[in-house]
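>>> Structure of the sequence below:
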Amino acid sequence: MFNFIKKSYILFLVFFILGSIIFLLQTPGFIRFHFDNALLWASNIFFFLLSLITLALQIKSMKNKNPNVFIRSVMGGILIKMIGSLLAVFVYVIYNNYKFDKGSMFLGLCFYLFYLMAEVTTLMKLNKK
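Numbering: from 1, shown residues only. The predicted structure is shown next:
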């Protein structure tokens, strides 16, 4: 099981590296469409770190015999991501003097969905073991 946990963290690392490679290759396209490249990099890093933290909490809770602990950790992970995303958006908007790119914001929040899919598939596979 420990080997699978290491592989699950590698899945998140692969998502992070793929997102970074896409940004490196598509930077001229993002600039042409007026996307905020710094926001996209920051959102990729932010959701990568946030997903690793919540996954670690959920893997730790799987070891508990009480199934309610796991459910609470999943709900807590969702709450952590939502509040973290909300705070990040507020900081970004205030930092840019209420001028921001909605397309970049939407594309940055799509990372939430990608990392969420990786987290759910990892937890489903871990739950079977």
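>>> got the contact list for the residue sitting nearest the centre point of the chain?
Geometric centre of the chain, nearest residue: Phe47, 2.8 Å, by Cα atoms, centre = their mean. With contacts defined as Cβ atoms under 8 Å, 6 or more residues apart in numbering, Phe47 is in contact with 81, 111-112, 114-115. All C-beta atoms are positioned from the backbone trio N, CA, C, and that covers glycine.
>>> which intervals of this protein have sub-threshold pLDDT?
1-7, 27-33, 129 (pLDDT under 70).
>>> hey, where'd the helices end up in it?
Along the chain, the segments classed as helices by DSSP state H run 2-32, 37-62, 67-95, 102-128.
>>> Check those for me and report the most buried one.
Greatest average neighbour count among the helices of the chain goes to helix 37-62 (a mean of 18), per mean count of other Cβ atoms under 10 Å.
>>> Direction-wise, compare it with helix 67-95 and give the angle.
160 degrees (axes from the mean of the first three to the mean of the last three Cα atoms, to 10 degrees).
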